[in-house]
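Trainee: sequence and computational prediction follow.
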Amino acid sequence: MTTAPRSGQQDNASYDPWLDYDESGAIDVRELYRLGEAYGSAGNATRNVTIAGHVTAYLKPNGGNFSLPAGYDWYSEIISVDGYATVTVLIKASTSSIEGYLYACDNNGYSWLVERILLDDYNWIRTYNVMNQRVQIRIRNNGSTPITIQVAVYLVA
């Protein structure tokens, strides 16, 4: 068995180390076998590269910064968290007179309350291990005047 030449010392210009899955220094039948196993599979080519412990998606539901009239509810779109390890939800409001809820949702349309959102100094932040396929945020303005809300969601692989 030969060892892989160091970078810049490739004996054969057609050798591609990205194709040498077992890092043996030779592209052989083992790589073809792995390619054969994966042949016909499909995926999301736009999915972010997974780097453990780093934010791989940053979402701003409703643009991230919006006004909520007095007495009204706001629901985020349903946010897919499938394939991620943790989700961090950040909410900042111009007042503490809001009522908020975080729901976990599954692909069958069921959802359940994960946590009631209580603002501390007009801010709220929580990180969760991903508990299902999707989450949704609900915020209600219990005050008598419109409030400004900022919402951000970080997904970490």
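Mentor: That came through fine.

Trainee: does anything pack onto the lengthiest strand in the chain? Which helices or strands?
Mentor: Secondary structure of the chain read by DSSP state E shows that its longest strand is strand 147-156. Applying 3 or more C-beta pairs under 8 Å, 6 or more residues apart in numbering; DSSP states H and E, one finds that strand 147-156 makes contact with strand 55-59, strand 65-68, strand 86-93, strand 134-141. Bear in mind the C-beta positions are built from the backbone N, C-alpha and C, glycine included.

Trainee: just give the strands next to the first one in its sheet, each with its orientation.
Mentor: Right, strand 55-59. strand 147-156 (antiparallel) (DSSP bridges).

Trainee: what do you get for the last one?
Mentor: Take DSSP bridges as the rule and strand 134-141 pairs in its sheet with strand 73-75 (antiparallel), strand 79-80 (antiparallel), strand 98-105 (antiparallel).

Trainee: and this structure, what are its domain boundaries?
Mentor: Recorded structural domains for the chain (assignment: automatic domain parsing) are 1-42, 55-156.

Trainee: which stretch among the strands paired with strand 134-141 comes nearest Asp121?
Mentor: The minimum distance between Asp121 and those falls on strand 98-105, with 13.1 Å, by C-beta to C-beta.

Trainee: and the angle for that closest one with strand 86-93?
Mentor: 160 degrees (axes from the mean of the first three to the mean of the last three C-alpha atoms, to 10 degrees).

Trainee: so what pLDDT did Leu35 get?
Mentor: pLDDT for Leu35: 78.

Trainee: tell me, how many neighbours does it end up with?
Mentor: Leu35 is flanked by 11 other residues according to other C-beta atoms under 10 Å.

Trainee: please apply the same query to Ile139.
Mentor: For Ile139, using other C-beta under 10 Å, the count is 23.

Trainee: the one 4 residues further on too?
Mentor: A count of nearby residues for Gly143, using other C-beta under 10 Å, gives 17.

Trainee: so what's it up against?
Mentor: Ala70, Thr95, Ser97, Ile98 (C-beta atoms under 8 Å, 6 or more residues apart in numbering).
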